[in-house]
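[1] can't give you the sequence, but here's the structure:
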């Protein structure tokens, strides 16, 4: 007498409504914190960008002033160089330097004579080694 097997009873039991409300509340709190942090970060970033832009404008002004000063300095140097006048006179002929033709010098003949007729063909011949 066998009876047919009975299927087990499956009951889904998820989080309770209280747990779900706590999670939703936690998520809302997290969202508020993130928005607050993002707003603070954006304010700091805007301040930094504004400070850098001001510094950049100051540097641009300095560069323009330096460029103008350099251009004025170059212009004054060029104007001064062109304003100078010089005069040149011809050199007197009496002090002129001239060149002469090259002459060969008489060299005395060498007194050193090397004779190769009487040398033996042994190894070390002709070497003058100081010991």
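    Ah, there it is. Being a predicted model, the structure only gives us computed values, none of them experimental.

[2] so where is this protein shaky, pLDDT-wise?
    Along the chain, the parts satisfying pLDDT under 70 run over 1-2, 79-86, 90-96, 114-131.

[3] show me the helices in it, by range?
    Here the chain has its helices, by DSSP state H, at 17-83.

[4] count of neighbours near residue 89?
    Each residue near residue 89 was counted by other C-beta atoms under 10 Å, and the total is 5. For glycine as for every other residue, the C-beta is placed from the backbone atoms N, C-alpha and C.

[5] again with the one 10 residues further on
    Residue 99: 5 surrounding residues under other C-beta under 10 Å.

[6] and residue 97, by the same measure?
    5.

[7] how close does it sit to residue 103?
    Plainly put, residue 97 is 19 Å away from residue 103 if you go by C-beta to C-beta, to the nearest Å.

[8] so what's the residue count around residue 5?
    Residue 5: 6 neighbours (other C-beta under 10 Å).

[9] let me fix that, I meant to ask about residue 59.
    Residue 59, neighbours per other C-beta under 10 Å, totals 10.

[10] could you do residue 61 as well?
    So residue 61, with other C-beta under 10 Å, has 10 neighbours.

[11] and residue 38, by the same measure?
    Counted with other C-beta under 10 Å, residue 38 comes out at 10.

[12] just use 764 as the starting number from now, easier for me
    In the new numbering, first residue 764, that becomes residue 801.

[13] so it versus residue 807, what's the distance?
    For residue 801, the distance to residue 807 - C-beta to C-beta - is 11 Å.

[14] can you list residues touching both of those two?
    The contact sets of residue 801 and residue 807 do not overlap (C-beta atoms under 8 Å, 6 or more residues apart in numbering).
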